[in-house]
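> give me a model of this one.
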Amino acid sequence: MKLSARNVLDGTITEIVKGAVTSHVKLDIGGTTVTASITNESVAELGLTVGGKASAVIKATDVMIGVK
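Now for the predicted structure:
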């Protein structure tokens, strides 16, 4: 599959927290956790399971950086 997004981070699913409509999927990317909120239907269609391999695909038009 080819994507226009340039930020594709491969990792391992560490947790899936299902809600009424959406799930929070946590992905370990070399010691850093990335969390995505996707529909429960997408979790099922993609066959996502804890311990499985997945990729976080990030496409953003704005990136903000803050300091304290």
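> export the longest strand belonging to the chain as CSV, just CAs?
What stands out as the longest strand in the chain, according to DSSP state E, is strand 7-18. Extracted C-alpha coordinates of strand 7-18, given in CSV (Å, rounded to 0.1, in the frame of the first residue of the first chain):
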residue,chain,number,x,y,z
ASN,A,7,5.4,9.7,8.9
VAL,A,8,4.8,5.9,9.3
LEU,A,9,5.9,4.5,12.6
ASP,A,10,6.0,0.7,13.0
GLY,A,11,5.4,-0.8,16.4
THR,A,12,3.6,-3.3,18.6
ILE,A,13,0.1,-2.9,20.1
THR,A,14,0.3,-2.8,23.9
GLU,A,15,-3.3,-2.0,24.8
ILE,A,16,-6.8,-1.6,23.2
VAL,A,17,-9.4,0.2,25.4
LYS,A,18,-12.8,-0.2,23.8
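> and Asp10, what does it touch?
Contact analysis of Asp10 by Cβ atoms under 8 Å, 6 or more residues apart in numbering lists 29, 53-55. Heads up, the C-betas are built off the backbone N, CA and C, glycines and all.
> okay if I get these as TSV plus pLDDT and distance to Asn40?
Formatted as TSV, the contacts of Asp10 follow (pLDDT from 0 to 100; distance: Cβ to Cβ, whole Å):
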residue	pLDDT	distance to Asn40
Ile29	96	23
Lys53	97	20
Ala54	97	16
Ser55	94	20
